[in-house]
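# below: sequence and its predicted model.
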Amino acid sequence: MSAAAATHDEHHDHGPARGLMRWVFTTNHKDIGTLYLITALIMFMVGGAMALVIRAELFQPGLQLVDPMFFNSMATLHALIMIFGGVMPAFTGLANWMIPIMIGAPDMALPRLNNWSFWLLPFGFVLLASTLFMEGGGPAAGWTMYPPLVLQTGAALPFTIFSIHILGISSILASINIIVTVFNMRAPGMSLMKLPLFVWTWIITAFLMIAIMPVLAGTVTMLLTDKFFGTSFFNAAGGGDPVLYQHLFWFFGHPEVYVLILPSFGVISQVIPTFARKPLFGYSSMVYATASIGFLSFIVWAHHQYTVGMPIEGELFFTYATMLIAVPTGVKVFNWVSTMWKGAMTFETPMLFAIAFVVLFTMGGFTGLMMSISPADLQYHDTYFIVAHFHYVLVPGAVFALFAATYYWLPKWTGRMYDERLGQLHFWLTAISVNVTFFPQHFLGLAGMPRRIADYAVQFAEFNAWSTVGAFVFGFAQLIFVYVIIKAIRGEGEKANDEVWEGAREHGLEWTLPSPPPYHTWETAPEIH
């Protein structure tokens with residue numbers, strides 16, 4: 001049989017199946033990217049609904065809607081679903097869609113592995129959500145699942161742990177695929193220091209995931225054996241140590257925070273240069289800053305544990321190491337601002353989200369610096385100040401970057417421009433409501449309101465009411481976002497042309513940013529009129 005005939009037969013036998021089967025068996029990076037993004041969007045809605053249950057209960061003091069155990073299950077599952085089901089799969093979807101295009105590769109290096117890494121996700125989430133219907137209800141020990149509290153969980157515990165294993169395997173497979181693709185399938189002449197920033201942030205994220213996911217898997221398996229096989233890893237009565245669990249968990253948990261935020265840095269580093277009509281300022285320093293953040297994220301884990309009775313030397317080490325992370329993060333913020341400086345800026349929806357990201361993420365960073373100081377953290381620990389801090393990092397941080405990326409690349413994905421007026425409406429409703437939701441929580445925390453408690457003292461009522469109103473506006477504003485995406489997918493709207501972001505391309509800043517700009521300073525940058 002001739003090679004051409006063999007190719008034809010292969011295409012005939014294994015070509016894209018029609019309808020549903022095409023999506024089940026696809027090995028195309030764009031299809032798999034789309035599946036990841038749609039799954040993440042559904043998970044955001046599910047996790048968001050759980051957040052609204054939490055906020056509705058906290059609208060006023062007293063127990064109104066749910067019992068405290070169900071409230072705690074909502075808090076636990078909200079966190080697990082938003083992290084493992086919303087943010088991580090969404091960024092993996094962006095990586096699948098955009099990385100091969102950015103590096104000039106025909107597809108991901110391991111297409112069948114790619115398919116498998118996606119299809120593990122929906123089953124993991126169904127398993128996780130099903131714990132709500134088991135005897136004793138869902139896991140109710142917070143997403144950190146500290147023993148001995150988590151060992152009181154009923155039938156849900158082994159299923160929760162199994163779902164975490166499944167989601168962890170998915171993350172590891174996706175990370176291996178991304179690393180192999182970038183290292184082996186770059187276009188000729190594209191050295192590592194010519195990669196777009198989004199690709200760089202994903203390389204570092206992928207290495208972080210491969211390093212930390214097995215730690216989480218081992219830790220939760222030790223929990224499982226403590227509960228069912230009579231071991232005493234974390235049981236003080238049997239000679240174990242519950243603080244050991246915290247060390248193991250946060251050795252995973254802190255780099256995990258950077259797994260959620262580093263791809264955001266990559267997205268923002270693509271969006272800002274396009275709408276400033278200027279090359280990214282300080283490309284190499286951005287790469288080194290990202291790598292520094294990745295490295296430092298492994299040596300700061302115990303700043304989550306200042307209240308366990310650490311030796312003073314330990315507290316000092318983790319305080320200084322945590323403060324050190326502010327340096328490369330500050331480099332990034334200044335580089336983004338420098339990119340905008342004297343640029344010919346326009347304010348389309350992706351740019352609005354990018355600017356809001358820079359401002360609000362920086363605010364979340366400042367509260368993080370406050371909490372890095374061990375004596376002060378004794379006051380903040382386990383209060384709503386912590387909740388406010390990490391939501392400022394993760395909502396205006398990771399989620400705003402996802403919004404920016406979606407609006408930025410939607411014309412590339414669908415061939416249609418999104419509805420700019422609806423996009424702007426979505427931005428303003430989201431940006432205002434996210435601050436109404438989370439800003440008051442700083443004051444609640446400083447006044448001493450504990451987190452993960454279904455009831456509270458009457459003096460906290462007003463700020464909680466504001467926070468709940470903001471949360472509902474924020475939640476329902478996301479329906480506009482869903483509608484904008486559906487409109488673009490259905491082909492409603494203006495056709496996208498090659499120069500979709502007008503004026504950006506003449507400065508070599510097309511939406512994929514195929515390579516970084518040459519080194520420059522403000523003085524040597526071309527004047528843009």
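Perfect, thanks for sending it. Residues are numbered from 1 along each chain as shown.
# local confidence estimate at the residue nearest to Gly240 when sequence neighbours are not counted?
Leaving aside its chain neighbours, Gly240 sits nearest to Ser232 (4.0 Å; criterion: C-beta to C-beta, 6 or more residues apart in numbering). Bear in mind the C-beta positions are built from the backbone N, C-alpha and C, glycine included. Confidence at Ser232, expressed as pLDDT, is 95.
# what secondary structure does Gly138 sit in?
Secondary structure assignment for Gly138 (DSSP: H, G, I helix; E, B strand; the rest coil): coil.
# and if you look at Val215?
On the basis of three-state DSSP, Val215 is classed as helix.
# tally of neighbours for it?
Residues contacting Val215 under the criterion other C-beta atoms under 10 Å number 18.
# picking up where we left off before, pretty sure the residue nearest to Gly240 belongs to a strand, no?
No: in this structure, Ser232 is coil, not part of a strand, as judged by three-state DSSP.
# next, count neighbours for it.
Using other C-beta under 10 Å, Ser232 has 13 other residues around it.
# repeat for Gly239
Number of residues near Gly239 (other C-beta under 10 Å) recorded here: 8.
# does it touch Thr231 like I think?
No: using C-beta atoms under 8 Å, Gly239 makes no contact with Thr231, being 10.4 Å away.
# what's the distance between Ala354 and Phe59?
33 Å (C-beta to C-beta, to the nearest Å).
# more neighbours: which of these two?
Neighbours of Ala354 and Phe59, each counted by other C-beta under 10 Å, are more numerous for Ala354; the result is 30 against 17.
# isn't that one right up against Phe403?
No: Ala354 is beyond contact range of Phe403, at 9.5 Å (criterion: C-beta under 8 Å).
# and Leu192, what does it touch?
Neighbouring residues of Leu192 by C-beta atoms under 8 Å, 6 or more residues apart in numbering: Trp200.
# tell me the confidence at Gly154?
85.
# that one should be in a helix, yeah?
No: secondary structure of Gly154 (three-state DSSP): coil, not part of a helix.
# please name the nearest non-neighbouring residue to it.
Gly136 (2.3 Å).
# what do you get for Ile432?
Val473 (7.8 Å).
# same check on Val399?
Val87 (7.2 Å).
# just Tyr258 next, same as before
Excluding the flanking residues, the one nearest Tyr258 by C-beta to C-beta, 6+ apart is Ser297, at 4.4 Å.
# where does pLDDT dip in the protein?
The model of the chain has pLDDT under 70 over residues 1-17, 498-499, 502-529.
# mind listing the strands for the stretch 301-450 of the chain?
Applying DSSP state E, counting those that start in this stretch to the stretch 301-450 of the chain gives no strands.
# show me where it has its helices.
312-340, 349-372, 374-380, 384-393, 400-414, 420-446 (DSSP state H, counting those that start in this stretch).
# need those helices in a markdown table (columns: distance to Tyr245).
Shown next, in a markdown table, are the helices of the stretch 301-450 of the chain (distance: least, C-beta to C-beta, whole Å):
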| stretch | distance to Tyr245 |
| --- | --- |
| helix 312-340 | 17 |
| helix 349-372 | 21 |
| helix 374-380 | 20 |
| helix 384-393 | 19 |
| helix 400-414 | 31 |
| helix 420-446 | 25 |
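# checking Val500 next. Helix, strand or coil?
coil.
# give me the distance between it and Trp409.
For Val500, the distance to Trp409 equals 10 Å [C-beta to C-beta].
# again with Ala75
Using C-beta to C-beta, which is the criterion applied here, Ala75 is 33 Å from Trp409.
# now Leu296
Distance from Leu296 to Trp409, by C-beta to C-beta: 30 Å.
# likewise Met193?
24 Å.
# how about Asp377?
Applying C-beta to C-beta, the value for Asp377 to Trp409 is 39 Å.
# tell me which other helices or strands the helix or strand where Met286 lies touches.
In this structure, Met286 sits in helix 283-296 according to DSSP states H and E. Applying 3 or more C-beta pairs under 8 Å, 6 or more residues apart in numbering; DSSP states H and E, we find helix 283-296 packed against helix 197-228, helix 242-276, helix 312-340.
# which other helices and strands does the last one contact?
This means helix 312-340. Here helix 312-340 touches helix 242-276, helix 283-296, helix 349-372, helix 374-380, going by 3+ C-beta pairs under 8 Å, 6+ apart.
# list the buried residues of the shortest one.
What it means is helix 374-380. Residues of helix 374-380 classed as buried by neighbour count (16 or more other C-beta atoms under 10 Å): Ser374, Asp377, Tyr380.
# so which of those is the closest to Val393?
Distances from Val393 to these, taken as C-beta to C-beta, are shortest for Tyr380 (14.6 Å).
# got a list of what the closest one touches?
Neighbouring residues of Tyr380 by C-beta under 8 Å, 6+ apart: Met370, Met371, Ile386, Gly445, Leu446.
# also Met185?
Contacts of Met185 by C-beta under 8 Å, 6+ apart are Pro100, Ile103, Ala105, Pro106, Ala109.
# go again with 10 Å.
Listed by C-beta atoms under 10 Å, 6 or more residues apart in numbering, the contact partners of Met185 are Ile99, Pro100, Ile103, Gly104, Ala105, Pro106, Asp107, Met108, Ala109.
# so Leu77 makes contact with Ala140?
Yes: the pair Leu77 / Ala140 is scored as a contact, 9.3 Å apart, by C-beta atoms under 10 Å.
# list residues touching both of the two?
Shared contacts of Leu77 and Ala140 (C-beta under 10 Å, 6+ apart): Ala156.
# hmm, back to that, pick the most deeply packed of the helices and strands packed on helix 283-296.
Neighbour counts (mean count of other C-beta atoms under 10 Å) averaged over each of the helices and strands packed on helix 283-296 peak at helix 242-276, with a mean of 23.
# now do it against helix 349-372, angle only.
Helix 242-276 runs at 150 degrees relative to helix 349-372, counting by axes from the mean of the first three to the mean of the last three C-alpha atoms, to 10 degrees.
# just the buried positions in the helix or strand encompassing Gln478, please.
Using DSSP H and E, Gln478 falls within helix 461-489. Buried residues in helix 461-489, counted by 16+ other C-beta under 10 Å: 463-464, 466-468, 470-475, 477-478, 480-481, 484-485, 487-488.
# and what of stretch 426-445?
By neighbour count on 16+ other C-beta under 10 Å, the buried set for stretch 426-445 is 426-427, 429-431, 433-445.
# and for Cys364, the neighbour number?
Not Cys; residue 364 is Gly. Neighbours of Gly364 under the rule other C-beta under 10 Å: 20.
# hang on, it packs against Leu394?
Yes: with contact defined as C-beta under 10 Å, Gly364 reaches Leu394; the gap is 8.1 Å.
# now do the shared contacts for the two.
Shared contacts of Gly364 and Leu394 (C-beta under 10 Å, 6+ apart): Ile261.
# using CSV, lay out the helices and strands packed on helix 283-296 together with distance to Ile453.
Converted to CSV, the helices and strands packed on helix 283-296 look like this (distance: least, C-beta to C-beta, whole Å):
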stretch, distance to Ile453
helix 197-228, 23
helix 242-276, 20
helix 312-340, 27
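# and Thr131, which of those helices is closest to it?
Closest to Thr131 of the helices and strands packed on helix 283-296, according to C-beta to C-beta: helix 197-228, at 13.8 Å.
# could you name the helices and strands sitting against that closest one?
Applying 3 or more C-beta pairs under 10 Å, 6 or more residues apart in numbering; DSSP states H and E, one finds that helix 197-228 makes contact with helix 88-103, helix 156-184, helix 242-276, helix 283-296.
# export these as CSV, with columns for distance to Trp336.
Below are the helices and strands packed on helix 197-228 laid out as CSV (distance: least, C-beta to C-beta, whole Å):
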stretch, distance to Trp336
helix 88-103, 19
helix 156-184, 23
helix 242-276, 5
helix 283-296, 9
